[in-house]
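Asks: Sequence and predicted structure are below.
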Amino acid sequence: MLEVRDLRVRFGTFYALDGVSLSVKEGEIVVLLGANGAGKSTLFRTISGLHAPAGGAILLEGQDVTRWPAHRLVAAGIAQAPEGKHLFPEVSVGKNLRLGAYVRRRDVEGVRSTMDEVFQLFPVLREKERDAAGTLSGGQQQMLAIGRALMAKPRLLLLDEPSLGLAPLVVEEVFASIQKINEGGTSVLLAEQNAHAALKVAHRGYVIEEGTVSLSGGRGELMGNEEVRRAYIGI
Amino acid sequence: MITRSVAIGVPLLAAILFPLVVDNAYLVSVAVTAYVTAIAVYGLDILLGYTGQLSLAHAGFFGVGGYAVGILTSDYGLSFWSALPLALALTALLGHLIGLAALRTRHDYFAIFTLAVGVMIVIVIERWESLTGGTDGLIGIPAPTSIGPLSFASLNAQYYLVLAFLVLTIYVVWALMHSLVGRTFLAVRNSEELARAVGIDTGRTHQLSFVISATLAALGGALYATFLGSIGPDVGDVPMTFNMLVYLMIGGVASLPGPLVGTILIMGLMQALTAFQEYSMMILGPILVLVVIFFPQGLAGQGRVLANKVLGRSGDA
């Protein structure tokens, strides 16, 4: 469903991405592993239209979407929860969610039913619907960021470091819900440093180092790989 | 609910009774000037308070609205009621065209760009003498024609007309801010990138906010010119923008009563201190500094914080 071909992104003379190719198939969870500064966030920003690439192509279901503006990509089915749980902190949880459905704003019935689905997935958000988003705990904020992305009814969900700064138990909870979202038919591309948690739910993965894909394979292959174990799992 | 009706009803009643109670033409005309300025300050707040950009061409649009109505009524013989929508449409169009260029920049660069636009508007007004009367200004702008039995010849009638436009403006701003469009404005101010990530066309949002802002400035200017019967290039000049900015900062950015409170308070204060006119900036400057330090949300913003504390509510935008 998503295909990235030889993507290059430049900051000045520095190539943050130097020829990245990867794909996400219908119904998959694909994880991108890599250290800080490897280019994961840049890749996400480029796929979601927040940054223009210097070369290469991005295809969504065979259609070239390489230089589409972000709002068009959201409407076409790519939604993201950016790194660091970016929310609108002064705005209530409910309004944050409704803003996520901005591209479907005319579909009042559909938005309401998606909101119910999000509340089923994250019941705590229903309880806090009227609270300002900034008052939520870290884990709840992450759930809200994911829930908000779901409000656009994406076919592909981009999640940038959903485990960042969360307690281990909360990380498990978040990944369990990612798996549930995926079972509902949404493909997921996930950037993570927490390889252990991510590989438990992912079907396949890529390792990104210094702006290129250094390794790729199925979950078992990556789990068993010495390099990956040493660098990202720590056992 | 009760607090809300009091918060709306008491000031509205006071405004309605004001000309009858004071019965002083000078004070009533000061109030009219404050109201038309407040309308423009609401426009400034749409841009600065809700989408987070500062336009220094704001007084320029105030001037364009005023001159457009003045020229259409005095030179082309249109009635105020047909000149007003034309003047607003014209300013909105001008705002749209300027926005196309200006909104390629953001923040400081946007302020600098619009500063240049503001200066250019004044230069055009001053130099296009055949149309605008140049530095002498435009005189003989007629009062609004009567609608049926409603005549706007008297000062009090004009006061109520301007008050009606002010109430309408506040209502429109309130309705806008409680709509999805208003929420997209806030989302853009909060984080433009995040707004784009949720699928908001931020370019269009900025453009819309700029056009609405310029149109409200034009409405203020149109009423100003009509009420005074004359207009000069000064009212469109950049120092006027800074005055409006001071009213807004002191009243409270992004709060519904803010622009009105700040404008009435400071314009009233300046009138009371006319004897010290030359020192007005020496008085306003420290006030602004104190407000920014102690009440960063402005006086109206501070009032809301206090009210929420007293009523034990938590803040929700």
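Replies: Done, it's in.

Asks: Determine the three-state secondary structure at the closest residue to A:L7 other than its chain neighbours.
Replies: Take A:L7 and drop its neighbours on the chain: the residue closest to it by CB to CB, 6 or more residues apart in numbering or on different chains is A:G56, 3.7 Å away. The way it works is simple: take the backbone N, C-alpha and C, and place the C-beta from them, glycine included. The three-state label given to A:G56 by DSSP: H, G, I helix; E, B strand; the rest coil is strand.

Asks: wait, B:L103 sits on B:H206?
Replies: Yes - B:L103 is within contact range of B:H206, at 4.9 Å (criterion: CB atoms under 8 Å).

Asks: Got phi/psi on residue 43?
Replies: Chain wasn't specified; assuming chain A. phi -60, psi -40 (degrees, to the nearest 10).

Asks: which stretches of the chain form strands?
Replies: Here I'm looking at chain A. A:2-11, A:14-24, A:29-33, A:55-60, A:63-64, A:78-81, A:156-160, A:187-192, A:204-209, A:212-218 (DSSP state E).

Asks: Chain B was what I was after
Replies: B:138-139, B:230-231.

Asks: Just give the nearest non-adjacent residue to B:Q207, would you?
Replies: B:G99 (5.0 Å).

Asks: separation between the one you found and B:L180?
Replies: The spacing between B:G99 and B:L180, counted by CB to CB, to the nearest Å, is 21 Å.

Asks: Near B:V305, how many other residues are there?
Replies: 13 (other CB atoms under 10 Å in any protein chain shown).

Asks: got it, and A:P168?
Replies: 11.

Asks: Check what pLDDT it gets.
Replies: pLDDT recorded at A:P168 is 89.

Asks: check contacts around it.
Replies: Neighbouring residues of A:P168 by CB atoms under 8 Å, 6 or more residues apart in numbering or on different chains: there are none.

Asks: Thought A:R5 was touching the residue nearest to A:L7, still the case?
Replies: Yes - using CB under 8 Å, A:G56 is in contact with A:R5, at 5.6 Å.

Asks: residue contacts, A:N36?
Replies: A:Q193.

Asks: which non-adjacent residue is nearest whichever residue of chain A sits closest to chain B?
Replies: The nearest approach of chain A to chain B comes at A:V74, 3.1 Å away (CB to the nearest CB). Nearest residue to A:V74 in three dimensions, chain neighbours excluded: B:G199, at 3.1 Å (CB to CB, 6+ apart).

Asks: Would you mind measuring from the one you found to A:R105?
Replies: Taking CB to CB, one finds B:G199 at 9 Å from A:R105.

Asks: same question, B:E129
Replies: The spacing between B:E129 and A:R105, counted by CB to CB, is 49 Å.

Asks: Comparing those two, which shows the higher neighbour count?
Replies: Under the criterion of other CB under 10 Å, the comparison of B:E129 against A:R105 puts A:R105 first, with 14 against 11.

Asks: Touching, the more buried one and A:A75? I think so.
Replies: No - using CB under 8 Å, A:R105 makes no contact with A:A75, being 10.9 Å away.

Asks: ok, A:L222 - contacts?
Replies: A:33, A:195, A:199, A:205, A:207, A:215, A:228 are the contacts of A:L222 under CB under 8 Å, 6+ apart.

Asks: what bridges to the fourth one?
Replies: With DSSP bridges as the criterion, A:G205 is bridged to A:V31, A:G217.

Asks: my guess is it contacts A:V31, does it?
Replies: Yes - at 4.2 Å, A:G205 counts as touching A:V31 under the criterion of CB under 8 Å.

Asks: Between those two, which contacts overlap?
Replies: A:198-199.

Asks: what residue ranges in chain B are flagged as low confidence?
Replies: Residue ranges of chain B with pLDDT under 70: B:1, B:312-317.

Asks: which residue does it bring closest to chain A?
Replies: B:G199 (3.1 Å).

Asks: Report the contact partners of that residue.
Replies: A:70-71, A:74-75, A:79, A:102-103, A:152.

Asks: Would you mind naming the residues that bridge with the spatially most central residue of chain A?
Replies: Most central in chain A under CA atoms, centre = their mean is A:L159, positioned 1.5 Å from the mean C-alpha point. For A:L159, the beta-bridge partners are A:A81, A:L190 (DSSP bridges).

Asks: That one: what's it in contact with?
Replies: Applying CB under 8 Å, 6+ apart, the residues near A:L159 are A:80-81, A:146, A:149, A:178, A:188-191.

Asks: For the residues you listed, which single residue is the most surrounded?
Replies: A:Q80 (29 neighbours).

Asks: Can you give me the end-to-end span of stretch A:87-100?
Replies: One end of stretch A:87-100 to the other measures 10 Å (CA to CA, to the nearest Å).

Asks: Just the buried residues of that stretch, please?
Replies: Buried residues in stretch A:87-100, counted by 16 or more other CB atoms under 10 Å in any protein chain shown: A:87-89, A:91-100.

Asks: for stretch B:127-137, same thing?
Replies: Residues of stretch B:127-137 classed as buried by neighbour count (16+ other CB under 10 Å): B:132-133, B:137.

Asks: Next to chain B, which bits of chain A? Give me the list.
Replies: Taking CB under 8 Å from any CB of the partner chain, the part of chain A that reaches chain B is made up of A:48-50, A:69-71, A:74-75, A:79-80, A:82, A:86-92, A:95, A:98-100, A:102-103, A:105, A:130-132, A:135, A:148-149, A:152.

Asks: could I get the longest helix anywhere in chain A in PDB with only the CA atoms?
Replies: Under DSSP state H, the helix in chain A containing the largest number of residues is helix A:168-183. Listed next in PDB are the C-alpha coordinates belonging to helix A:168-183 (Å, rounded to 0.1, in the frame of the first residue of the first chain):
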ATOM      1  CA  PRO A 168       6.900  -0.200  30.800                       C
ATOM      2  CA  LEU A 169       3.400  -1.200  31.700                       C
ATOM      3  CA  VAL A 170       2.000   1.700  29.700                       C
ATOM      4  CA  VAL A 171       4.200   0.800  26.800                       C
ATOM      5  CA  GLU A 172       2.600  -2.700  26.700                       C
ATOM      6  CA  GLU A 173      -0.900  -1.200  26.900                       C
ATOM      7  CA  VAL A 174      -0.100   1.200  24.000                       C
ATOM      8  CA  PHE A 175       1.300  -1.600  21.800                       C
ATOM      9  CA  ALA A 176      -1.600  -3.800  22.600                       C
ATOM     10  CA  SER A 177      -3.900  -1.100  21.300                       C
ATOM     11  CA  ILE A 178      -1.700  -0.700  18.200                       C
ATOM     12  CA  GLN A 179      -2.200  -4.400  17.500                       C
ATOM     13  CA  LYS A 180      -6.000  -4.000  17.900                       C
ATOM     14  CA  ILE A 181      -6.000  -1.100  15.500                       C
ATOM     15  CA  ASN A 182      -4.100  -3.200  13.000                       C
ATOM     16  CA  GLU A 183      -6.500  -6.100  13.400                       C
END
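
Asks: Contacts only, for A:E61.
Replies: Applying CB under 8 Å, 6+ apart, the residues contacting A:E61 are A:M1.

Asks: Ok, B:I287 next?
Replies: B:250, B:266.

Asks: one more time with 7 Å, if that's ok
Replies: B:I250 (CB atoms under 7 Å, 6 or more residues apart in numbering or on different chains).

Asks: B:N308 - how many residues pack around it?
Replies: 13.

Asks: in chain A, what secondary structure element scores lowest on mean pLDDT?
Replies: helix A:226-228 (a mean of 82; mean pLDDT, DSSP states H and E).
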